[in-house]
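Trainee: 3D model of this:
(one chain, ligands or ions: 1)
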Amino acid sequence: MEHFNTIIEPFRIKSVEAIKFTRREEREAALREAGYNVFRLRAEDVLIDLLTDSGTGAMSAAQWGALMQGDESYAGSRSYFRFRDVVSDLTGYRHVIPTHQGRAAERILFHSVLEAGQIVPNNNHFDTTRANVETEKAEARDLVIPEGRVPSQVHPFKGNIDLAALGRALETEGDRIPLVMVTVTNNAGGGQPVSLENLRGVRRLCDRFAKPFFLDACRFAENAYFIKKREEGQGHRTPREIAREMFSLADGCTMSAKKDGLANIGGFLALNDDAWADRCRNLLILTEGFPTYGGLAGYDLEAVARGLEEVLEESYLRYRIRSTEYLHERLVGAGVPVLQPAGGHAVYLDARALLSHIPPRQYPGISLAGALYLEAGIRGVEIGTVMFGLQPDGTERIPPMDLVRLAIPRRVYTQSHIDYVAEAVIAVAGMKDRLRGYRIAKAPSVLRHFTAIFEPV
Ligand code: F0G
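Mentor: Next up is the predicted model:
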């Protein structure tokens, strides 16, 4: 069978969940009631939910089976040791601290090691990462390469951090930089991978300036597969070997197991530094739980341990990356402006380019996300001025891109679902002149995209 070209889902379906078809009037009412913010919709009213790839994946039969093996002991649970062994085997880090999800790992790390006025460089901070840095009154500084800021630009490793800019920051402001972070893949920059060469460059700079280097590792397996496919000399290696090298170049990581952990909940913080690990564990006990469960059930630890192994299977990654690329190809073929090239977990529509008649301050991403729901029952998410525009001082700054992300849950939708999505996006793009801008009627002062209420302009 290796000589056939069709890439198929590397699984068969054992359990199904019905999705609900709605009428247009129902969707109109639901959207109005949600204040034109798709986060506020009832999931039940969504036909195909591409809001996020986080925690929305389908677990395997082996993972469901592992749930029954969960050891729910408060301290020293067998499930913790299984989880710890899988994470240390993969990352090589000395301390493995489970957390209920990625942002808990971020909060515990940043609250333990950051001080007001400091700077955390990253390729692009994702929303919760940025918010957790800013909550400590520190600066989250995005240093992705210039190509990474232009949606139409093609680059094999568009998630790379700008090493020259990082070097300058370390040179001139190094006393205010307690650690360097790199997000793999770079979610806020379009799910774009970071090369091994770039990670090695960060390692060298961190060695030179004696700074710890952390990965935001949510989508480490997808990143490893891109390295295998795109980086010179990497094609013969397994995704696991590449992933191990990625982790070995850093000193620690934060991880949301809701992505490449193939689990519905979970995460961890893993690191080498003993003193930092002590501080983090103390805070963990205060707010998350004992260090052998960190806010998770024993069965969650089992599901994550198993998921971290399945995610590195080559047949899975080949299907995963190809199925995202397939949607991207269909949209590019129809002339819909999308961020280039396809990301690992998502396709990002360029709402600013498509809706050029709607200025960024009238949120083209909100308009496009609303139209996709209204016309087709599809839910995507704005990644643009609403998500990233609000500054800590309360002013609004226009970020480089206004995107709508269509994130693909892992192992959930089939090719015909994706064909439907492509048809619907192309139809909505065809009616772009009818779409209007929005203004914010009500919003909180941090992470406003989750709960803001909009009204049409
Ligand atoms: N870092 C990155 C790069 C992320 O994409 C996310 C979550 C987190 C950290 C936080 O992890 O949700 O487990 O607390 N991203 C999701 C998304 C929510 O939709 O992209 P979490």
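Trainee: List the contacts of whichever residue of the stretch 51-200 of the chain sits closest to the ligand.
Mentor: Per Cβ to the nearest ligand atom, residue 102 is where the stretch 51-200 of the chain lies closest to the ligand, at 2.5 Å. Where you see a C-beta, it was placed from the backbone N, CA and C, and this is true even at glycine. By Cβ atoms under 8 Å, 6 or more residues apart in numbering, the contact set of residue 102 is 128, 216, 218, 254-259, 267.
Trainee: what about it, distance to residue 261?
Mentor: 10 Å (Cβ to Cβ, to the nearest Å).
Trainee: so what sits against both of these two?
Mentor: Joint contacts of residue 102 and residue 261 (Cβ under 8 Å, 6+ apart) are 255, 267.
Trainee: can you count the residues close to residue 391?
Mentor: Using other Cβ atoms under 10 Å, residue 391 has 10 neighbouring residues.
Trainee: Same question for residue 289.
Mentor: By other Cβ under 10 Å, 17 other residues sit near residue 289.
Trainee: For the chain, what lies in contact range of the ligand?
Mentor: Counting by Cβ under 6 Å from any ligand atom, the residues of the chain close to the ligand are 52, 54, 101-103, 126, 128-129, 183, 187, 216, 218, 256, 258, 267.
Trainee: how does it look with 8 Å?
Mentor: 51-55, 101-106, 126-129, 183, 186-188, 216, 218-219, 254, 256-259, 267, 345, 381, 405, 407 (Cβ under 8 Å from any ligand atom).
Trainee: Spit out the contact partners of residue 295.
Mentor: Residue 295 touches 98-100, 104, 288-289, counting by Cβ under 8 Å, 6+ apart.
Trainee: and if you look at residue 31?
Mentor: Counting by Cβ under 8 Å, 6+ apart, residue 31 has contacts 38, 41, 370, 373-374.
Trainee: okay if I get these as JSON lines plus secondary structure, neighbour count and pLDDT?
Mentor: Output for these, formatted as JSON lines (DSSP: H, G, I helix; E, B strand; the rest coil; neighbours: other Cβ atoms under 10 Å; pLDDT from 0 to 100):
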{"residue": "38", "secondary structure": "helix", "neighbour count": "23", "pLDDT": "98"}
{"residue": "41", "secondary structure": "coil", "neighbour count": "19", "pLDDT": "98"}
{"residue": "370", "secondary structure": "helix", "neighbour count": "26", "pLDDT": "98"}
{"residue": "373", "secondary structure": "helix", "neighbour count": "25", "pLDDT": "98"}
{"residue": "374", "secondary structure": "helix", "neighbour count": "18", "pLDDT": "98"}
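Trainee: and of those residues, the nearest to residue 274?
Mentor: residue 38 (44.3 Å; Cβ to Cβ).
Trainee: Quick one: end-to-end length of stretch 347-356, please.
Mentor: Using Cα to Cα, to the nearest Å, the end-to-end distance of stretch 347-356 comes out at 19 Å.
Trainee: and it, which residues are buried?
Mentor: If you call a residue buried by 16 or more other Cβ atoms under 10 Å, then stretch 347-356 has these buried ones: 347-355.
Trainee: Just send these back as a markdown table, with pLDDT and secondary structure too.
Mentor: Shown next, in a markdown table, are those (pLDDT from 0 to 100; DSSP: H, G, I helix; E, B strand; the rest coil):
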| residue | pLDDT | secondary structure |
| --- | --- | --- |
| 347 | 97 | strand |
| 348 | 96 | strand |
| 349 | 97 | strand |
| 350 | 97 | strand |
| 351 | 98 | helix |
| 352 | 97 | helix |
| 353 | 97 | helix |
| 354 | 98 | helix |
| 355 | 98 | coil |
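Trainee: which among the residues you listed gets closest to the ligand?
Mentor: residue 348 (11.5 Å).
Trainee: so what's the residue in the stretch 201-350 of the chain that the ligand sits nearest to closest to, chain neighbours aside?
Mentor: Using Cβ to the nearest ligand atom, the single residue of the stretch 201-350 of the chain nearest to the ligand is residue 256, 3.1 Å away. Take residue 256 and drop its neighbours on the chain: the residue closest to it by Cβ to Cβ, 6 or more residues apart in numbering is residue 102, 2.8 Å away.
Trainee: In ChimeraX, how would I select the buried members of the contacts of residue 102?
Mentor: A single ChimeraX command selects the buried members of the contacts of residue 102 (16+ other Cβ under 10 Å):
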select :128,216,218,254,255,256,257,258,259,267
